[in-house]
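Chemist: let's see this in three dimensions:
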Amino acid sequence: MINRIAFKAVRPAVGMAMRPAPIGLRYLSTPVEPKEKANSIIEALPGNNLISKTGILATSAAAAIYGISNELLIIHDETILVVTFATFSALVAKFVAPLYTEWADGEIKKVNDLLNESRNKHVSAVKDRIDSVSQLKDVVATTKQLFAVSKETAQLEAESFELKQKIAVATEAKATLDSWVRFEQAQRQL
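Modeler: Presented below is the predicted three-dimensional model:
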């Protein structure tokens, strides 16, 4: 099924001729010497010298040929699909990972800055509270003084109340005596 789709995509439609690439498009790319391309492929292989790199390449090719000939490796549509997906995933990971890392570092920095700013605000608020409380360090002595003034005020109020009561009793006694005096005068006149 995959092969048929791939062949239809590659094969030009009936009645349409293949269009040549636009002129000048090939001139935009920089040509690479075949020797340089071969050297870059060889340098990409693991190993320290040319003999070990050649040995690794030959061993890999021999293992692939052995696996295919003994039907240990079976290449069919699903295998091609898996290899293509793995290659695409590796390329996406290679090119998208640095962008994601840069974005994630930016987000981490933003959150760290926010947390540091909040911590600094909290520290300054705690220091302000400590300063405001340190101004109240003499509160015990002040409270004792206020309690003494309050006690004195209560005592003066009690004395004042007592004097008011005495004045009220004296006023009432005077009024009673005055009424008796008036009564006696009224009796004398009668």
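Chemist: any idea which helix is longest in this structure?
Modeler: Longest helix in the chain by number of residues (criterion: DSSP state H): helix 77-134.
Chemist: give me every residue that touches residue 73.
Modeler: Counting by C-beta atoms under 8 Å, 6 or more residues apart in numbering, residue 73 touches 64, 67. C-beta coordinates here come from the backbone N, C-alpha and C atoms, glycine included.
Chemist: now it: which helix or strand?
Modeler: With the criterion set as DSSP states H and E, no secondary-structure element contains residue 73; it sits in neither a helix nor a strand.
Chemist: ok, it to residue 116 distance?
Modeler: Distance, residue 73 to residue 116, by C-beta to C-beta, to the nearest Å: 56 Å.
Chemist: that older thread, quick check: mean pLDDT across the longest helix of the chain?
Modeler: Helix 77-134 carries an average pLDDT of 92.
Chemist: now stretch 169-181
Modeler: 93.
Chemist: so how far is it from its chain's centroid?
Modeler: Centroid displacement of stretch 169-181 relative to its chain, using C-alpha atoms, centre = their mean, to the nearest Å, is 87 Å.
Chemist: so residue 179 is in which element?
Modeler: Under the criterion of DSSP H and E, residue 179 resides in helix 139-189.
Chemist: can you tell me how far the residue sitting nearest the centre point of the chain is from residue 105?
Modeler: For the chain, residue 111 is the residue whose C-alpha lies nearest the centre (C-alpha atoms, centre = their mean; 4.0 Å). In this view, residue 111 and residue 105 are 11 Å apart by C-beta to C-beta.
Chemist: gap between residue 45 and residue 94?
Modeler: Here residue 45 is placed at a distance of 18 Å from residue 94 (C-beta to C-beta).
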